[in-house]
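Q: Model the structure of this input:
(one chain, ligands or ions: 1)
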Amino acid sequence: MAVLPFYISNKKNLKIVIVGGGYAGIAALTTIARYQPSAEITLIDPKIDHIKITHLHETFRYPLTDFLIPFTDIEQEFGCRHLPLELPFSESTLLQWERDKTISINNESIPFDYLLIASGALNNNADQGSGDVMGLNAFMKHSGSEILNQFLSKPGTEAPISVIGGGATGIQFLFEIEHFLRYHKYKNKLRLIDSGDQVLKQFPDRFARYVEAAMKNLNIEYYPTTYFRGQQHSQIRLEDKKTSHQFELPSSLTFLFSGKSQGSVLKANAFGQVIVDQQILQHIFVAGDCAYYQSIGSNALTAQSAVRKGKLAARNLLRHSGLLKILEPYLHRDIGYVVSLGPADAIGWLALENNVVTGLAAYTIKEIVEAQYDLLLAGIDTYLL
Ligand SMILES: Cc1cc2nc3c(=O)[nH]c(=O)nc-3n(C[C@H](O)[C@H](O)[C@H](O)COP(=O)(O)OP(=O)(O)OC[C@H]3O[C@@H](n4cnc5c(N)ncnc54)[C@H](O)[C@@H]3O)c2cc1C
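A: So this is what the prediction gives:
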(Lines give C-alpha, C1' and ligand atoms only; values in the text may rest on other atoms or scores of the structure.)
Protein backbone atom coordinates (compact mmCIF):
# COMPACT_ATOMS: atom_id res chain seq x y z
CA MET A 1 0.00 0.00 0.00
CA ALA A 2 1.44 3.37 -1.06
CA VAL A 3 1.68 6.15 1.51
CA LEU A 4 -0.52 9.21 1.00
CA PRO A 5 0.84 12.34 2.73
CA PHE A 6 -1.47 13.79 5.45
CA TYR A 7 -3.52 10.58 5.56
CA ILE A 8 -3.67 8.53 8.74
CA SER A 9 -6.36 5.94 8.22
CA ASN A 10 -9.14 5.95 10.77
CA LYS A 11 -11.45 3.36 9.30
CA LYS A 12 -10.89 0.16 7.40
CA ASN A 13 -13.36 -1.02 4.75
CA LEU A 14 -14.34 2.54 3.88
CA LYS A 15 -17.45 2.41 1.69
CA ILE A 16 -17.09 4.54 -1.41
CA VAL A 17 -19.53 4.90 -4.30
CA ILE A 18 -18.29 6.34 -7.60
CA VAL A 19 -20.93 7.44 -10.11
CA GLY A 20 -19.42 7.38 -13.62
CA GLY A 21 -16.60 5.22 -14.92
CA GLY A 22 -15.02 7.70 -17.36
CA TYR A 23 -11.62 9.36 -17.00
CA ALA A 24 -12.34 11.07 -13.66
CA GLY A 25 -14.11 8.07 -12.11
CA ILE A 26 -11.41 5.59 -13.12
CA ALA A 27 -8.59 7.94 -12.01
CA ALA A 28 -10.31 8.18 -8.61
CA LEU A 29 -10.81 4.41 -8.43
CA THR A 30 -7.15 3.62 -9.15
CA THR A 31 -6.03 6.26 -6.62
CA ILE A 32 -8.23 4.87 -3.84
CA ALA A 33 -7.12 1.31 -4.62
CA ARG A 34 -3.50 2.47 -4.38
CA TYR A 35 -3.73 4.24 -1.01
CA GLN A 36 -6.51 2.27 0.67
CA PRO A 37 -6.80 -1.22 -0.87
CA SER A 38 -9.32 -2.37 1.73
CA ALA A 39 -11.88 0.27 0.68
CA GLU A 40 -15.14 -1.21 -0.61
CA ILE A 41 -15.78 0.60 -3.88
CA THR A 42 -19.00 0.46 -5.88
CA LEU A 43 -18.72 1.88 -9.39
CA ILE A 44 -22.03 2.81 -11.00
CA ASP A 45 -22.07 3.27 -14.79
CA PRO A 46 -24.72 2.11 -17.27
CA LYS A 47 -22.11 1.06 -19.81
CA ILE A 48 -20.43 -2.33 -19.73
CA ASP A 49 -17.04 -0.92 -20.76
CA HIS A 50 -14.85 1.99 -19.81
CA ILE A 51 -14.48 3.89 -23.08
CA LYS A 52 -11.27 5.76 -23.86
CA ILE A 53 -13.25 8.55 -25.54
CA THR A 54 -10.18 10.54 -26.53
CA HIS A 55 -9.49 7.81 -29.12
CA LEU A 56 -12.98 7.53 -30.65
CA HIS A 57 -12.05 9.36 -33.85
CA GLU A 58 -9.29 6.76 -34.42
CA THR A 59 -11.91 4.03 -34.93
CA PHE A 60 -11.78 4.79 -38.66
CA ARG A 61 -8.40 2.99 -38.50
CA TYR A 62 -8.60 0.70 -35.46
CA PRO A 63 -11.39 -1.50 -34.09
CA LEU A 64 -13.53 0.10 -31.37
CA THR A 65 -12.62 -2.80 -29.06
CA ASP A 66 -9.05 -1.43 -28.90
CA PHE A 67 -10.43 1.47 -26.87
CA LEU A 68 -12.82 -0.41 -24.58
CA ILE A 69 -11.92 -1.89 -21.21
CA PRO A 70 -14.69 -4.11 -19.84
CA PHE A 71 -15.75 -3.04 -16.34
CA THR A 72 -15.47 -6.75 -15.41
CA ASP A 73 -11.68 -6.44 -16.00
CA ILE A 74 -11.60 -3.27 -13.87
CA GLU A 75 -13.52 -5.09 -11.13
CA GLN A 76 -10.88 -7.82 -11.11
CA GLU A 77 -7.87 -5.52 -11.33
CA PHE A 78 -8.97 -3.09 -8.62
CA GLY A 79 -11.29 -5.23 -6.49
CA CYS A 80 -14.39 -3.07 -6.90
CA ARG A 81 -18.00 -3.86 -7.77
CA HIS A 82 -19.58 -2.49 -10.95
CA LEU A 83 -23.31 -1.82 -11.17
CA PRO A 84 -24.41 -1.36 -14.82
CA LEU A 85 -27.04 1.26 -13.99
CA GLU A 86 -27.64 4.96 -14.44
CA LEU A 87 -28.00 6.93 -11.22
CA PRO A 88 -30.03 10.09 -11.83
CA PHE A 89 -29.43 12.88 -9.35
CA SER A 90 -30.36 16.48 -8.65
CA GLU A 91 -29.25 18.98 -6.03
CA SER A 92 -32.08 17.90 -3.73
CA THR A 93 -31.13 14.19 -3.99
CA LEU A 94 -27.51 15.13 -3.22
CA LEU A 95 -28.65 16.94 -0.05
CA GLN A 96 -30.67 13.90 0.92
CA TRP A 97 -27.78 11.50 0.26
CA GLU A 98 -25.47 13.67 2.37
CA ARG A 99 -27.93 13.31 5.26
CA ASP A 100 -28.73 9.58 4.78
CA LYS A 101 -25.28 8.36 3.58
CA THR A 102 -27.24 5.84 1.51
CA ILE A 103 -28.34 5.75 -2.08
CA SER A 104 -31.15 3.61 -3.38
CA ILE A 105 -30.87 2.16 -6.85
CA ASN A 106 -32.75 -0.67 -8.50
CA ASN A 107 -34.40 -1.73 -5.21
CA GLU A 108 -31.01 -1.88 -3.50
CA SER A 109 -29.84 0.42 -0.70
CA ILE A 110 -26.14 1.16 -0.85
CA PRO A 111 -24.67 2.78 2.27
CA PHE A 112 -21.57 4.91 1.74
CA ASP A 113 -19.01 6.90 3.69
CA TYR A 114 -18.16 8.94 0.59
CA LEU A 115 -19.81 9.47 -2.75
CA LEU A 116 -17.97 10.74 -5.82
CA ILE A 117 -19.94 12.08 -8.78
CA ALA A 118 -18.00 11.76 -12.05
CA SER A 119 -20.74 11.54 -14.65
CA GLY A 120 -19.16 13.79 -17.32
CA ALA A 121 -20.77 16.57 -19.36
CA LEU A 122 -23.60 16.14 -21.82
CA ASN A 123 -22.51 16.16 -25.45
CA ASN A 124 -25.00 18.19 -27.51
CA ASN A 125 -26.94 16.06 -30.02
CA ALA A 126 -24.82 13.05 -29.07
CA ASP A 127 -27.81 10.73 -29.20
CA GLN A 128 -28.52 11.36 -32.87
CA GLY A 129 -27.90 7.97 -34.36
CA SER A 130 -30.45 7.24 -36.96
CA GLY A 131 -30.49 7.46 -40.72
CA ASP A 132 -28.35 10.16 -42.22
CA VAL A 133 -27.59 12.31 -39.13
CA MET A 134 -25.30 10.90 -36.44
CA GLY A 135 -23.88 12.20 -33.17
CA LEU A 136 -20.97 11.15 -30.99
CA ASN A 137 -22.77 8.28 -29.25
CA ALA A 138 -22.97 6.34 -32.53
CA PHE A 139 -19.19 5.91 -32.26
CA MET A 140 -19.50 4.36 -28.81
CA LYS A 141 -21.40 1.43 -30.34
CA HIS A 142 -19.69 0.93 -33.70
CA SER A 143 -16.32 1.89 -35.10
CA GLY A 144 -16.11 4.77 -37.57
CA SER A 145 -15.06 2.38 -40.34
CA GLU A 146 -18.12 0.14 -39.77
CA ILE A 147 -20.45 3.16 -39.77
CA LEU A 148 -19.07 4.62 -43.00
CA ASN A 149 -18.58 1.33 -44.86
CA GLN A 150 -22.12 0.25 -44.05
CA PHE A 151 -23.61 3.60 -45.05
CA LEU A 152 -21.59 4.10 -48.23
CA SER A 153 -22.25 0.57 -49.49
CA LYS A 154 -25.90 1.59 -50.01
CA PRO A 155 -26.89 2.97 -53.41
CA GLY A 156 -27.46 6.75 -53.75
CA THR A 157 -24.92 7.79 -51.12
CA GLU A 158 -22.43 9.55 -53.42
CA ALA A 159 -23.28 13.09 -52.24
CA PRO A 160 -20.84 14.92 -49.93
CA ILE A 161 -20.44 14.09 -46.24
CA SER A 162 -20.95 16.99 -43.84
CA VAL A 163 -19.27 17.42 -40.46
CA ILE A 164 -20.81 19.97 -38.09
CA GLY A 165 -18.55 21.57 -35.48
CA GLY A 166 -15.10 23.11 -35.77
CA GLY A 167 -14.04 22.40 -32.18
CA ALA A 168 -11.39 19.84 -31.25
CA THR A 169 -13.73 16.84 -31.57
CA GLY A 170 -15.18 17.87 -34.95
CA ILE A 171 -11.74 18.60 -36.39
CA GLN A 172 -10.27 15.29 -35.21
CA PHE A 173 -13.17 13.38 -36.77
CA LEU A 174 -13.02 15.47 -39.97
CA PHE A 175 -9.42 14.58 -40.75
CA GLU A 176 -9.91 10.90 -39.90
CA ILE A 177 -12.96 10.76 -42.21
CA GLU A 178 -10.97 12.45 -44.97
CA HIS A 179 -8.17 9.89 -44.61
CA PHE A 180 -10.68 7.02 -44.52
CA LEU A 181 -12.46 8.17 -47.70
CA ARG A 182 -9.19 8.64 -49.56
CA TYR A 183 -7.67 5.34 -48.34
CA HIS A 184 -10.78 3.34 -49.30
CA LYS A 185 -11.19 5.24 -52.58
CA TYR A 186 -14.65 6.59 -51.84
CA LYS A 187 -15.42 9.57 -54.05
CA ASN A 188 -17.62 11.51 -51.59
CA LYS A 189 -16.54 15.09 -51.00
CA LEU A 190 -16.19 16.31 -47.45
CA ARG A 191 -17.27 19.60 -45.91
CA LEU A 192 -17.04 21.28 -42.53
CA ILE A 193 -19.80 23.55 -41.22
CA ASP A 194 -19.17 25.70 -38.19
CA SER A 195 -20.95 28.59 -36.51
CA GLY A 196 -17.64 30.29 -35.62
CA ASP A 197 -15.61 32.49 -37.95
CA GLN A 198 -12.59 30.20 -37.62
CA VAL A 199 -11.96 26.64 -36.47
CA LEU A 200 -10.57 25.75 -33.02
CA LYS A 201 -11.53 29.14 -31.58
CA GLN A 202 -10.52 28.15 -28.03
CA PHE A 203 -6.87 27.82 -29.13
CA PRO A 204 -4.28 30.38 -30.33
CA ASP A 205 -4.95 31.75 -33.87
CA ARG A 206 -2.08 29.70 -35.29
CA PHE A 207 -4.16 26.56 -34.80
CA ALA A 208 -6.89 27.89 -37.11
CA ARG A 209 -4.41 29.01 -39.78
CA TYR A 210 -2.64 25.62 -39.80
CA VAL A 211 -5.84 23.56 -39.82
CA GLU A 212 -7.65 25.69 -42.41
CA ALA A 213 -4.61 25.45 -44.72
CA ALA A 214 -4.56 21.66 -44.28
CA MET A 215 -8.30 21.53 -45.10
CA LYS A 216 -7.70 23.52 -48.27
CA ASN A 217 -4.89 21.16 -49.34
CA LEU A 218 -7.23 18.21 -48.92
CA ASN A 219 -10.11 19.90 -50.78
CA ILE A 220 -12.37 19.95 -47.75
CA GLU A 221 -15.12 22.55 -48.29
CA TYR A 222 -15.44 24.96 -45.40
CA TYR A 223 -18.53 26.95 -44.36
CA PRO A 224 -17.67 29.24 -41.40
CA THR A 225 -20.33 31.37 -39.62
CA THR A 226 -23.00 28.90 -40.72
CA TYR A 227 -25.64 27.13 -38.66
CA PHE A 228 -26.83 23.58 -39.32
CA ARG A 229 -30.65 23.55 -39.54
CA GLY A 230 -31.38 19.96 -40.51
CA GLN A 231 -30.92 17.24 -43.09
CA GLN A 232 -33.57 15.52 -45.19
CA HIS A 233 -33.69 13.59 -48.47
CA SER A 234 -29.92 13.91 -49.09
CA GLN A 235 -30.05 17.71 -48.64
CA ILE A 236 -28.54 19.60 -45.73
CA ARG A 237 -30.26 22.83 -44.66
CA LEU A 238 -27.95 25.62 -43.52
CA GLU A 239 -28.30 29.21 -42.38
CA ASP A 240 -25.82 32.03 -42.84
CA LYS A 241 -25.21 33.38 -39.33
CA LYS A 242 -24.73 36.98 -40.51
CA THR A 243 -27.56 37.31 -43.04
CA SER A 244 -29.97 34.59 -41.73
CA HIS A 245 -30.21 33.43 -45.36
CA GLN A 246 -31.17 29.74 -45.48
CA PHE A 247 -29.93 27.44 -48.23
CA GLU A 248 -29.58 23.75 -49.06
CA LEU A 249 -26.68 21.63 -50.30
CA PRO A 250 -26.52 17.98 -51.34
CA SER A 251 -25.35 15.83 -48.42
CA SER A 252 -25.58 12.06 -48.03
CA LEU A 253 -24.62 11.94 -44.36
CA THR A 254 -24.11 14.47 -41.54
CA PHE A 255 -22.02 14.01 -38.40
CA LEU A 256 -22.85 16.33 -35.50
CA PHE A 257 -20.10 17.33 -33.08
CA SER A 258 -21.60 20.49 -31.70
CA GLY A 259 -19.87 20.65 -28.32
CA LYS A 260 -20.78 20.02 -24.72
CA SER A 261 -23.54 21.38 -22.55
CA GLN A 262 -22.78 22.88 -19.13
CA GLY A 263 -26.22 21.81 -17.86
CA SER A 264 -25.05 18.98 -15.64
CA VAL A 265 -22.16 20.80 -13.93
CA LEU A 266 -21.94 20.78 -10.11
CA LYS A 267 -20.07 23.44 -8.15
CA ALA A 268 -17.40 22.35 -5.71
CA ASN A 269 -14.95 23.95 -3.30
CA ALA A 270 -11.20 23.85 -3.99
CA PHE A 271 -11.01 20.38 -2.38
CA GLY A 272 -13.63 18.83 -4.66
CA GLN A 273 -16.55 18.75 -2.17
CA VAL A 274 -19.92 19.58 -3.74
CA ILE A 275 -21.57 22.87 -2.83
CA VAL A 276 -25.37 23.03 -2.91
CA ASP A 277 -27.22 26.16 -1.74
CA GLN A 278 -23.94 27.50 -0.32
CA GLN A 279 -23.68 24.37 1.84
CA ILE A 280 -20.57 22.19 1.54
CA LEU A 281 -21.50 18.52 1.34
CA GLN A 282 -18.63 17.02 3.37
CA HIS A 283 -19.12 13.46 2.10
CA ILE A 284 -19.95 14.10 -1.56
CA PHE A 285 -17.18 14.94 -3.99
CA VAL A 286 -17.36 15.68 -7.72
CA ALA A 287 -14.72 15.38 -10.47
CA GLY A 288 -14.29 15.58 -14.24
CA ASP A 289 -16.30 17.45 -16.86
CA CYS A 290 -19.31 17.67 -14.51
CA ALA A 291 -17.30 19.54 -11.87
CA TYR A 292 -16.59 23.26 -11.59
CA TYR A 293 -14.03 23.75 -8.82
CA GLN A 294 -13.87 27.16 -7.14
CA SER A 295 -10.10 27.35 -7.28
CA ILE A 296 -7.30 28.60 -9.51
CA GLY A 297 -6.95 25.15 -11.12
CA SER A 298 -8.14 24.35 -14.64
CA ASN A 299 -11.85 23.69 -15.19
CA ALA A 300 -11.27 22.87 -18.87
CA LEU A 301 -13.42 20.04 -20.23
CA THR A 302 -10.39 17.86 -20.97
CA ALA A 303 -9.35 14.35 -20.04
CA GLN A 304 -6.25 15.85 -18.47
CA SER A 305 -8.26 17.97 -16.01
CA ALA A 306 -10.74 15.12 -15.46
CA VAL A 307 -7.94 12.75 -14.41
CA ARG A 308 -6.37 15.36 -12.11
CA LYS A 309 -9.71 16.21 -10.47
CA GLY A 310 -10.52 12.50 -10.05
CA LYS A 311 -7.17 11.82 -8.39
CA LEU A 312 -7.43 14.89 -6.16
CA ALA A 313 -10.99 14.11 -5.07
CA ALA A 314 -9.91 10.54 -4.22
CA ARG A 315 -6.93 11.72 -2.14
CA ASN A 316 -9.09 14.26 -0.35
CA LEU A 317 -11.93 11.92 0.48
CA LEU A 318 -9.42 9.48 1.98
CA ARG A 319 -7.83 12.28 4.02
CA HIS A 320 -11.25 13.50 5.11
CA SER A 321 -11.98 10.01 6.42
CA GLY A 322 -8.66 9.92 8.30
CA LEU A 323 -7.46 11.41 11.57
CA LEU A 324 -5.85 14.62 10.28
CA LYS A 325 -8.48 15.88 7.82
CA ILE A 326 -5.94 18.09 6.05
CA LEU A 327 -7.16 18.47 2.46
CA GLU A 328 -5.26 19.58 -0.62
CA PRO A 329 -6.55 22.37 -2.92
CA TYR A 330 -6.92 21.83 -6.64
CA LEU A 331 -4.17 23.75 -8.46
CA HIS A 332 -3.69 21.77 -11.68
CA ARG A 333 -3.11 23.75 -14.88
CA ASP A 334 -3.34 21.89 -18.18
CA ILE A 335 0.16 21.49 -19.57
CA GLY A 336 -0.82 21.21 -23.20
CA TYR A 337 -3.46 20.01 -25.65
CA VAL A 338 -2.91 18.26 -28.95
CA VAL A 339 -5.51 18.04 -31.72
CA SER A 340 -4.76 15.21 -34.14
CA LEU A 341 -5.25 15.79 -37.88
CA GLY A 342 -5.47 12.26 -39.22
CA PRO A 343 -2.92 9.49 -38.79
CA ALA A 344 0.27 11.49 -39.38
CA ASP A 345 -0.29 15.11 -38.42
CA ALA A 346 -1.33 17.09 -35.36
CA ILE A 347 -1.18 20.53 -33.83
CA GLY A 348 -0.92 21.36 -30.16
CA TRP A 349 0.46 23.57 -27.47
CA LEU A 350 2.87 22.53 -24.77
CA ALA A 351 3.62 24.26 -21.44
CA LEU A 352 2.48 27.71 -22.63
CA GLU A 353 -0.49 28.35 -24.93
CA ASN A 354 1.69 30.21 -27.41
CA ASN A 355 4.24 27.40 -27.61
CA VAL A 356 2.63 25.72 -30.63
CA VAL A 357 3.97 22.42 -31.98
CA THR A 358 2.88 20.75 -35.21
CA GLY A 359 3.44 17.58 -37.25
CA LEU A 360 5.32 14.60 -35.85
CA ALA A 361 6.39 16.39 -32.64
CA ALA A 362 2.77 17.15 -31.72
CA TYR A 363 1.69 13.64 -32.71
CA THR A 364 4.36 12.10 -30.46
CA ILE A 365 3.28 14.23 -27.47
CA LYS A 366 -0.28 12.98 -27.92
CA GLU A 367 0.92 9.37 -27.98
CA ILE A 368 2.91 9.90 -24.76
CA VAL A 369 -0.07 11.45 -22.95
CA GLU A 370 -2.33 8.55 -24.02
CA ALA A 371 0.31 6.00 -22.92
CA GLN A 372 0.44 7.62 -19.48
CA TYR A 373 -3.31 7.06 -19.06
CA ASP A 374 -2.96 3.44 -20.22
CA LEU A 375 -0.36 2.91 -17.49
CA LEU A 376 -2.76 4.34 -14.91
CA LEU A 377 -5.38 1.82 -16.04
CA ALA A 378 -2.79 -0.91 -15.51
CA GLY A 379 -2.32 0.32 -11.93
CA ILE A 380 0.92 2.25 -12.57
CA ASP A 381 0.61 5.93 -11.69
CA THR A 382 3.20 8.00 -13.55
CA TYR A 383 1.45 11.36 -13.10
CA LEU A 384 3.77 13.65 -11.16
CA LEU A 385 0.92 15.91 -10.03
C1 LIG B 1 -13.51 12.43 -29.74
C2 LIG B 1 -12.97 13.10 -28.51
C3 LIG B 1 -11.62 13.34 -28.40
C4 LIG B 1 -11.12 13.95 -27.26
N5 LIG B 1 -9.79 14.15 -27.19
C6 LIG B 1 -9.27 14.69 -26.07
C7 LIG B 1 -7.87 14.85 -25.95
O8 LIG B 1 -7.10 14.54 -26.87
N9 LIG B 1 -7.37 15.35 -24.80
C10 LIG B 1 -8.19 15.71 -23.74
O11 LIG B 1 -7.66 16.16 -22.70
N12 LIG B 1 -9.52 15.58 -23.83
C13 LIG B 1 -10.08 15.08 -24.95
N14 LIG B 1 -11.44 14.93 -25.05
C15 LIG B 1 -12.29 15.34 -23.88
C16 LIG B 1 -12.33 14.23 -22.82
O17 LIG B 1 -12.72 13.03 -23.42
C18 LIG B 1 -13.28 14.58 -21.68
O19 LIG B 1 -12.88 15.80 -21.11
C20 LIG B 1 -13.25 13.46 -20.62
O21 LIG B 1 -13.79 12.28 -21.17
C22 LIG B 1 -14.03 13.84 -19.36
O23 LIG B 1 -13.95 12.78 -18.45
P24 LIG B 1 -15.13 12.51 -17.41
O25 LIG B 1 -14.70 11.35 -16.57
O26 LIG B 1 -15.51 13.76 -16.71
O27 LIG B 1 -16.39 12.12 -18.29
P28 LIG B 1 -16.59 10.88 -19.32
O29 LIG B 1 -15.28 10.37 -19.81
O30 LIG B 1 -17.59 11.39 -20.29
O31 LIG B 1 -17.24 9.76 -18.42
C32 LIG B 1 -18.50 9.90 -17.79
C33 LIG B 1 -19.01 8.51 -17.44
O34 LIG B 1 -20.14 8.66 -16.58
C35 LIG B 1 -21.18 7.76 -16.98
N36 LIG B 1 -22.44 8.38 -16.54
C37 LIG B 1 -23.03 9.49 -17.05
N38 LIG B 1 -24.16 9.77 -16.36
C39 LIG B 1 -24.28 8.81 -15.41
C40 LIG B 1 -25.24 8.54 -14.37
N41 LIG B 1 -26.31 9.34 -14.18
N42 LIG B 1 -25.05 7.44 -13.59
C43 LIG B 1 -23.97 6.64 -13.77
N44 LIG B 1 -23.02 6.86 -14.72
C45 LIG B 1 -23.19 7.93 -15.52
C46 LIG B 1 -21.01 7.64 -18.48
O47 LIG B 1 -21.55 6.42 -18.96
C48 LIG B 1 -19.48 7.71 -18.65
O49 LIG B 1 -18.90 6.42 -18.62
C50 LIG B 1 -11.98 14.33 -26.18
C51 LIG B 1 -13.36 14.08 -26.28
C52 LIG B 1 -13.85 13.49 -27.43
C53 LIG B 1 -15.33 13.24 -27.53
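Q: Mind pulling up the pLDDT for residue 330?
A: Listed pLDDT for residue 330 reads 97.
Q: Spatially nearest residue to it, not counting backbone neighbours?
A: residue 297 (4.0 Å; C-beta to C-beta, 6 or more residues apart in numbering). Placement of C-beta: from N, CA and C, glycine included.
Q: How about residue 81?
A: Per C-beta to C-beta, 6+ apart, closest to residue 81 is residue 42, 5.1 Å.
Q: Go ahead and confirm the one you found touches residue 16.
A: Yes. Counting by C-beta atoms under 8 Å, residue 42 touches residue 16, with 7.4 Å between them.
Q: For these two, indicate the residue with more neighbours.
A: residue 16 (25 against 20; other C-beta atoms under 10 Å).
Q: returning to what we had before: which residues are in contact with each of residue 42 and residue 16?
A: Residues touching both residue 42 and residue 16 by C-beta atoms under 8 Å, 6 or more residues apart in numbering: residue 112.
Q: what sits against residue 366?
A: The contact partners of residue 366, taken as C-beta under 8 Å, 6+ apart, are 338, 340, 346, 348.
Q: where does the closest residue to the third one other than its chain neighbours land on pLDDT?
A: Meaning residue 346. Among residues not flanking residue 346 along the chain, residue 362 sits closest, at 3.8 Å (C-beta to C-beta, 6+ apart). Listed pLDDT for residue 362 reads 86.
Q: now residue 362: how far from the ligand?
A: Distance from residue 362 to the ligand, counting by C-beta to the nearest ligand atom, to the nearest Å: 11 Å.
Q: And the residue of the stretch 201-350 of the chain that's closest to the ligand?
A: Residue nearest to the ligand within the stretch 201-350 of the chain: residue 288 (2.3 Å; C-beta to the nearest ligand atom).
Q: How many residues are close by the nearest residue to residue 295 once chain neighbours are set aside?
A: Sequence neighbours aside, residue 270 is the residue nearest to residue 295 in space, at 3.6 Å (criterion: C-beta to C-beta, 6+ apart). Counted with other C-beta under 10 Å, the neighbours of residue 270 add up to 17.
Q: show me what contacts residue 270?
A: 293, 294, 295, 297, 329, 330.
Q: for residue 333, same thing?
A: By C-beta under 8 Å, 6+ apart, the residues touching residue 333 are 297, 298.
Q: mind pulling up the phi and psi values for it?
A: phi -110, psi 140 (degrees, to the nearest 10).
Q: just to revisit the earlier point, would you say the residue nearest to residue 346 is within a helix?
A: Yes. Counting by DSSP: H, G, I helix; E, B strand; the rest coil, residue 362 is part of a helix.
Q: going forward can the numbers begin at 725, since that is how I track them
A: In the new numbering, first residue 725, that becomes residue 1086.
Q: Surely it and residue 1071 touch.
A: Yes. Residue 1086 sits in contact with residue 1071 when judged by C-beta under 8 Å, with a separation of 5.6 Å.
Q: joint contacts of the two?
A: Joint contacts of residue 1086 and residue 1071 (C-beta under 8 Å, 6+ apart) are residue 1062.
Q: and the stretch 775-924 of the chain, which of its residues are near the ligand?
A: 777-778, 780-781, 810-812, 842-844, 860, 893, 896 (C-beta under 6 Å from any ligand atom).
Q: which residues are contacting stretch 998-1010?
A: 815, 818-819, 821-822, 825, 836-842, 990-993, 996-997, 1018, 1037, 1040-1041, 1044.
Q: Can you flag the buried ones in those?
A: 818-819, 821-822, 825, 836-842, 990, 992-993, 996-997, 1037, 1040-1041, 1044 (16 or more other C-beta atoms under 10 Å).
Q: so which pair among the contacts of residue 1090 is furthest apart in space?
A: Of all pairs drawn from these, the greatest distance, 8.8 Å, lies between 1064 and 1072 (C-beta to C-beta).
Q: And for residue 1078, the neighbour number?
A: Neighbour tally, residue 1078, other C-beta under 10 Å: 8.
Q: For the stretch 775-924 of the chain, give the residue positioned nearest to the ligand.
A: residue 844 (2.8 Å).
Q: any idea how far that residue lies from residue 770?
A: As defined by C-beta to C-beta, to the nearest Å, residue 844 lies at a distance of 12 Å from residue 770.
Q: Ok, residue 1072 next?
A: Counting by C-beta to C-beta, the gap from residue 1072 to residue 770 is 33 Å.
Q: Settle it for me: which of those two has more neighbours?
A: Counted by other C-beta under 10 Å, residue 1072 and residue 770 do not tie: residue 1072 has more neighbours, with 21 against 11.
Q: Which strand residues bridge that one?
A: residue 1062, residue 1081 (DSSP bridges).
Q: The residue in the chain that the ligand sits nearest to: what's it in contact with?
A: Relative to the ligand, the nearest point of the chain is residue 746 (1.8 Å; C-beta to the nearest ligand atom). For residue 746, the contact set (C-beta under 8 Å, 6+ apart) comprises 769, 774, 775, 777, 842, 843, 844, 1012, 1013, 1030.
Q: farthest pair in these?
A: 774 and 1013 (15.2 Å).
Q: The two: which is more packed in?
A: residue 1013 (27 against 23).
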